[in-house]
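K.L.:
Here is my input; please provide its structure:
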Amino acid sequence: MSTTRIYIDADACPVKDEVYRVAARHGLPVSVVAGNFIRVPQDPMIERIAAGSGMDAADDWIAERATKGDIVITSDIPLASRCVKAGAVVIAPNGKPFTEDSIGMTLAVRNLMTDLRSSGEVTGGPSAFNPRDRSAFLSTLDQAIRRIQRSRATQS
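P.N.:
Numbers count the residues shown, from 1 in each chain. Sure thing, here's the model as predicted:
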């Protein structure tokens, strides 16, 4: 049985340092994926991936590799949808989990807002990232790791 890997959609991720700390505590490898070069700590458990500057290159790299038992950190809803369908646990940086039950509606709302903005409607953006989001993220990530570990222990 393979080890859980954490994939970070890194270009605009505000919780990279938190992921590094939690992953180190659990001994999990991390793939930090960005379009181009991104600085990461010198740690053999942290892999830096420069997926290329093509449209959605980092998203495609993650989606092609994330599977059941892995964790993906992203706020990109189409990427979240692809990874949820592949069986990965997907968490937004604000701690909101994307699940099979929620991803369809989340994707529909995203598409609606995109259509409204393209027609000139002013819809506003996401709310600012705050300390409560960081705390919720840490809690959700820790719970996800423990749930995956329990699931793997009962399958052994």
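K.L.:
CA only for contacts and neighbour counts going forward, please
P.N.:
Noted.
K.L.:
all strands for this protein, in order.
P.N.:
Using DSSP state E, the strands of the chain run over residues 6-9, 30-34, 46-50, 71-73, 89-91, 97-98.
K.L.:
okay if I get these as TSV plus mean neighbour count and mean pLDDT?
P.N.:
What follows is these, written out as TSV (neighbours: other C-alpha atoms under 10 Å; pLDDT from 0 to 100):
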stretch	mean neighbour count	mean pLDDT
strand 6-9	26	97
strand 30-34	23	97
strand 46-50	18	95
strand 71-73	27	98
strand 89-91	26	96
strand 97-98	22	92
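K.L.:
Can you lay out those as JSON lines showing distance to residue 81?
P.N.:
Converted to JSON lines, those look like this (distance: least, C-alpha to C-alpha, whole Å):
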{"stretch": "strand 6-9", "distance to residue 81": "14"}
{"stretch": "strand 30-34", "distance to residue 81": "17"}
{"stretch": "strand 46-50", "distance to residue 81": "21"}
{"stretch": "strand 71-73", "distance to residue 81": "11"}
{"stretch": "strand 89-91", "distance to residue 81": "9"}
{"stretch": "strand 97-98", "distance to residue 81": "8"}
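K.L.:
gap between residue 5 and residue 102?
P.N.:
According to C-alpha to C-alpha, to the nearest Å, residue 5 stands 23 Å off from residue 102.
K.L.:
how close does residue 101 sit to residue 64?
P.N.:
22 Å.
K.L.:
got any ranges where this structure has weak pLDDT?
P.N.:
In the predicted model of the chain, residues 1-2, 103-117, 121-126, 156 satisfy pLDDT under 70.
K.L.:
Spatially central residue for it, please.
P.N.:
In the chain, the C-alpha nearest the mean C-alpha coordinate belongs to residue 73, at 1.5 Å (C-alpha atoms, centre = their mean).
K.L.:
mind listing what that one touches?
P.N.:
Shown in contact with residue 73 (C-alpha atoms under 8 Å, 6 or more residues apart in numbering): 6-9, 90-93.
K.L.:
how about 10 Å then?
P.N.:
6-10, 13, 15-16, 19, 32, 79-80, 89-95, 97-98, 137, 141 (C-alpha atoms under 10 Å, 6 or more residues apart in numbering).
K.L.:
Sounds good, over and out.
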